[in-house]
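**Student:** I would like the atomic coordinates for the input below:
(chains A and B)
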There are 2 protein chains.
Amino acid sequence: MSEVVKSFAAHSESSPLAAWEFERRDLQPNDVAIEIRYCGVCHSDLHTARNHWGRTQYPLVPGHEIVGVVKAIGREVSKHAVGDWVAVGCLVDSCQTCGSCHDGEEQYCEQGSTGTYGSLDRYGQPTQGGYSSAIVVTEHFVLKMPETLDPAGAAPLLCAGITSYSPLNYHKVGPGVRVGVIGLGGLGHMALKFAVAMGAEVTQFTTSENKKAEAERLGAHHVVLSTDRTQMKAHFGQLDLIVDTVPVPHELKDYLLCLKRNGNLVLTGPIGLQNPPLNNGLLMMGRKSVSGSAIGGIEETQQMLDFCAKNGVTCDVEMISMDYINEAYDRLEQNDVHYRFVIDMATL
Amino acid sequence: MSEVVKSFAAHSESSPLAAWEFERRDLQPNDVAIEIRYCGVCHSDLHTARNHWGRTQYPLVPGHEIVGVVKAIGREVSKHAVGDWVAVGCLVDSCQTCGSCHDGEEQYCEQGSTGTYGSLDRYGQPTQGGYSSAIVVTEHFVLKMPETLDPAGAAPLLCAGITSYSPLNYHKVGPGVRVGVIGLGGLGHMALKFAVAMGAEVTQFTTSENKKAEAERLGAHHVVLSTDRTQMKAHFGQLDLIVDTVPVPHELKDYLLCLKRNGNLVLTGPIGLQNPPLNNGLLMMGRKSVSGSAIGGIEETQQMLDFCAKNGVTCDVEMISMDYINEAYDRLEQNDVHYRFVIDMATL
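**Tutor:** Below you'll find the predicted structure:
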């Protein structure tokens, strides 16, 4: 029972995304077939579609912030039922046998996890993402969407959300913890919302004076213009954890000075970024660290969705129709989005 | 009761160290006066004497790996008695009121701790180090030397020892933990000895094939020639913690690949080192971190000395006389020492 699905795909690095039909794999015993209702637009979609990382195989259907409804299940599926609202993020498979998978951290699978698009699935077929009418995913990688969560606003939680939630969760952020967030884009505004919802005292760093009111609206307790050294100095030695969401190379020095002893600055990507070199004294004085974090595991992603439902956290989104995707990419390149485009897949 | 002491001092960045007499401060109520018996020669001594860091005030008496015997105590001293074997490391004072000092981490004093040489003491006088016949130090910063520890071999524990012990201790190294050590010099050979004594499985990285037997003699379970990529690859994903003691800029990439998920590479100095920039993916994939660590606090230094006494750990030293110091510096610049020079201060 394989199915031909509609989609929007990139056919080369320079051509606009356009309508394309392709076949999803036959439903396997552990597979869930999902009718896609909403799909978030991640900056990685654009990077991959335009081959910025040099590894893209065409045609490519982007999209890894997927929310939809189960339309069929394989005979061994027990976790999901037809009609359930579900979600799929950046991963659709992993070895399930290594230490990372055993610990529920499939994103760090030692065999390499399978991306929702641009990978090969276990049957050797290219994976294709969520800018499509339906997707077939092995049940372990399908998340349950809490009923009270707005499905459109929830779509970006599957990448932007979990990427910012995971480091806060790993470092046990809660009341009494002082968190800094660098950047106020798709990831940054989620890191800010999460840290506030977790009860932390949150400092938002931004290079734009005009984002101050916006950061405060989103719950920031302090907003610091990072280009103003006097403002930065006033926050030296204050923070336990900084989540750095800036997607372009940048100096870390002053941010490291904002950390307290034993503080940690977490780089959240995109992978491939190379910041200017650091003087090791910035780390040695106060036993500080720079670390990295990539999305989250399946169990943690479910935990994040449940946290969002309980705390009323969703992404601020701008809904678009499928045929607006090329304009959306152009606007994304100019940072002209607050804070995430989500495609209404009924328009496909 | 101030005292004129004999010493060897640098008088300029280019002149050899030479005999010099100066006055130690009057014994204050909390002060301990120590007759110095042994003093280790740290690479920082050379850097400071030759003004490599551009901050040296002359004349300068180096030396912060000091072992000696108490010769007098102030009237409020309760921790030490005349005749006790004691030790002094890199710090002789700190504010004693900030959070770091409160937590026994005087090395990270928020007001800046007072170095054993090249700082100003609380009375505004320049501090002068251990290449001298005696030193006066406030009692909190004087360590008790365990009786069973060889005092000459123990001298370098006060800097090289604590610098390598502290990150192992902070990260709770013990049986079942896999530790890597980069570099087999003064710091590196101590990191190796400590990690082995703590019960860890230790991998020594070196660029010199001919250090293999030596690393094994010191207890390494594995020795890896870091310039051989095939050897390095065989250790990818293996280590929980790496202590990096390399004193010159170097690539971290392959070492980070040797870390397991959640692993940490600790830079131990010297402060001012700038390694080549890192691709953030090396940190993101596996939630790895690069951190720093500087010496240790007074309580931790005492704990380290007691650990050494219990486990029979000392530094491998080459004893020298005071008038050999300039040749020793020249040899130090050529890495020609196994593994630390210690001055027999009876020769002053």
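
**Student:** list the contacts of A:L187.
**Tutor:** A:160, A:163-164, A:245, A:268-269 (CB atoms under 8 Å, 6 or more residues apart in numbering or on different chains). In short, each C-beta sits where N, CA and C put it, glycine included.

**Student:** not counting sequence-adjacent ones, nearest residue to it?
**Tutor:** Counting by CB to CB, 6 or more residues apart in numbering or on different chains, A:L187 lies nearest to A:T245, which is 3.8 Å off, once chain neighbours are set aside.

**Student:** which positions in the stretch 51-200 of chain A make contact with chain B?
**Tutor:** Proximity of the stretch 51-200 of chain A to chain B (CB under 8 Å from any CB of the partner chain) is limited to residues A:99-100, A:105, A:108, A:110, A:170.

**Student:** gap between the residue nearest to A:L187 and chain B?
**Tutor:** Noted for A:T245: a distance of 12 Å to chain B, by CB to the nearest CB, to the nearest Å.

**Student:** burial measure for that residue, as a count.
**Tutor:** Per other CB atoms under 10 Å in any protein chain shown, the neighbour tally for A:T245 reads 25.

**Student:** ok, the one 3 residues further on next?
**Tutor:** Neighbouring residues of A:V248 were enumerated by other CB under 10 Å; the total is 8.

**Student:** surely it is within a helix?
**Tutor:** No: counting by DSSP: H, G, I helix; E, B strand; the rest coil, A:V248 is not part of a helix but coil.

**Student:** skip the chain neighbours and tell me the closest residue to it.
**Tutor:** A:V248's closest residue in space is A:L273 (CB to CB, 6+ apart), at 7.3 Å.

**Student:** where does pLDDT dip in the stretch 51-200 of chain A?
**Tutor:** Scanning the stretch 51-200 of chain A for pLDDT under 70 picks out nothing.

**Student:** for chain B, give me its nearest residue in it.
**Tutor:** Residue nearest to chain B within the stretch 51-200 of chain A (CB to the nearest CB): A:Y108, separated by 5.1 Å.

**Student:** what about the closest residue to that residue other than its chain neighbours, neighbour count?
**Tutor:** Excluding its sequence neighbours, the residue lying closest to A:Y108 (CB to CB, 6+ apart) is A:S100, at 4.2 Å. Residues near A:S100, counting by other CB under 10 Å, number 24.

**Student:** before we move on, back to that, can I get the residues of the stretch 51-200 of chain A next to chain B in TSV with secondary structure?
**Tutor:** Converted to TSV, those look like this (three-state DSSP):
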residue	secondary structure
A:G99	helix
A:S100	helix
A:E105	coil
A:Y108	helix
A:E110	coil
A:Y170	helix
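
**Student:** now these: which count as buried?
**Tutor:** A:100, A:105, A:108, A:110, A:170 (16 or more other CB atoms under 10 Å in any protein chain shown).

**Student:** against A:T48, how distant is the residue of the stretch 51-200 of chain A closest to chain B?
**Tutor:** Per CB to CB, to the nearest Å, A:Y108 is found 20 Å from A:T48.

**Student:** name whatever forms a beta bridge with A:W85.
**Tutor:** Beta-bridge pairing for A:W85 (DSSP bridges): A:V69.

**Student:** what about it, how many residues nearby?
**Tutor:** The burial count for A:W85: 19, using other CB under 10 Å.

**Student:** name the nearest residue to A:L332, sequence neighbours excluded.
**Tutor:** Of all residues not flanking A:L332 in the chain, A:L46 sits nearest, at 5.6 Å (CB to CB, 6+ apart).

**Student:** same thing with A:R37?
**Tutor:** Leaving aside its sequence neighbours, A:R37 is closest to A:G68 (4.8 Å, by CB to CB, 6+ apart).

**Student:** next up, the contacts around that neighbour.
**Tutor:** With CB under 8 Å, 6+ apart, A:G68 has these contacts: A:34-38, A:85-88, A:134-135, A:345.

**Student:** can you list the domains in chain A?
**Tutor:** Residue ranges for the domains of chain A, per automatic domain parsing: A:3-159+A:313-347, A:161-292.

**Student:** for B:A328, find the nearest of the ones you listed.
**Tutor:** domain A:161-292 (25.9 Å; CB to CB).

**Student:** find the centremost residue of chain A, please.
**Tutor:** A:C159 (1.9 Å; CA atoms, centre = their mean).

**Student:** residue contacts, the closest residue to A:G269 other than its chain neighbours?
**Tutor:** Leaving out its chain neighbours, the residue that sits closest to A:G269 by CB to CB, 6+ apart is B:M284, at 5.9 Å. Going by CB under 8 Å, 6+ apart, B:M284 touches A:267-269, A:271, A:292-294.

**Student:** residue numbers of the stretch 201-348 of chain A in contact with chain B?
**Tutor:** Residues of the stretch 201-348 of chain A lying near chain B (CB under 8 Å from any CB): A:237, A:261, A:264, A:267-269, A:271-294.

**Student:** change it to 7 Å
**Tutor:** With CB under 7 Å from any CB of the partner chain as the criterion, the stretch 201-348 of chain A meets chain B at residues A:237, A:261, A:264, A:267, A:269, A:271-281, A:283-294.

**Student:** all helices of the stretch 51-200 of chain A, in order?
**Tutor:** A:99-102, A:151-154, A:160-170, A:186-197 (DSSP state H, counting those that start in this stretch).

**Student:** which of those sits closest to A:A19?
**Tutor:** helix A:151-154 (22.0 Å).

**Student:** which one's the longest strand in chain A?
**Tutor:** strand A:31-41 (DSSP state E).

**Student:** now do the contacts for the residue nearest to A:L187.
**Tutor:** Taking CB atoms under 7 Å, 6 or more residues apart in numbering or on different chains, we find A:T245 in contact with A:164, A:181-183, A:185, A:187-188, A:191, A:268.

**Student:** for A:F141, same thing?
**Tutor:** A:F141 neighbours (CB under 7 Å, 6+ apart): A:88, A:91-93, A:298.
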